[in-house]
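Novice: prediction below, plus the sequence it came from.
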Amino acid sequence: MTEARGLRRAALAGALAGVTLLAGCAGDERRACTLIGAESQVGVVWDAGDFPVGADYRLCADRVCRDWRAESPDDPRSFFSVPLPEATGEQRVTVRFQVTGPAGGRSVYDRTAQVTLRKDTPNGEGCSPTVWQAGLRADQDEGLLPVDRG
């Protein structure tokens, strides 16, 4: 048998084994879960140019707050979130997002909104984790707006 013919046979055998494996699973209700991690949280996004370089950020969801400061003008970050480890279902939370300028600590943005945490199963129904999340966009003129999770 030539080497090329042997390689074709090995490839065909591998392909058939894959088809057999898939066919064997067709009637099985169990499915493999992927391993995408996630946590319950509320996040906010913004346009990087909307706030001053070196600003301090504070995001609160009900009584859980988190602070962040851009350490360098090259930091392009425009997303910030606060984890909600106690979230167990669809519920409304009050979110407050504050931005304080680096010069003199003057408030440059301070808005509050109500959001409803929505269920997310990044690995599919029946696979863990099940988390509860909401997203907002900070707009200078319109305040905190819901982000469509389409």
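Specialist: Okay, I see it.
Novice: look up phi and psi at Asp47.
Specialist: phi -80, psi 130 (degrees, to the nearest 10).
Novice: what does Gly49 give?
Specialist: According to degrees, to the nearest 10, Gly49 has phi -80, psi -10.
Novice: tell me, how many residues neighbour it?
Specialist: Gly49 has 8 neighbouring residues, counting by other C-beta atoms under 10 Å. Every C-beta, even on glycine, is put in place using the N, C-alpha and C of the backbone.
Novice: need the residue closest to the centroid of this structure.
Specialist: Residue closest to the mean C-alpha point of the chain, counted by C-alpha atoms, centre = their mean, is Ala38 at 7.0 Å.
Novice: what's the helix or strand for that residue?
Specialist: Ala38 is part of no helix or strand, with elements assigned from DSSP states H and E.
Novice: what's the separation between it and Val131?
Specialist: Per C-beta to C-beta, to the nearest Å, Ala38 is found 5 Å from Val131.
Novice: quick one: common contacting residues for those two?
Specialist: 120, 122 (C-beta atoms under 8 Å, 6 or more residues apart in numbering).
Novice: what ranges do the strands span in this structure?
Specialist: For the chain, the strands defined by DSSP state E occupy 41-45, 56-61, 64-69, 79-83, 92-100, 107-116, 118-120, 131-139, 143-146.
Novice: still on that earlier bit, isn't the residue nearest to the centre of the chain right up against Pro122?
Specialist: Yes. At 4.9 Å, Ala38 counts as touching Pro122 under the criterion of C-beta atoms under 8 Å.
Novice: can you list the weak-confidence ranges in the chain?
Specialist: Scanning the chain for pLDDT under 70 picks out 1-31, 71-76, 149-150.
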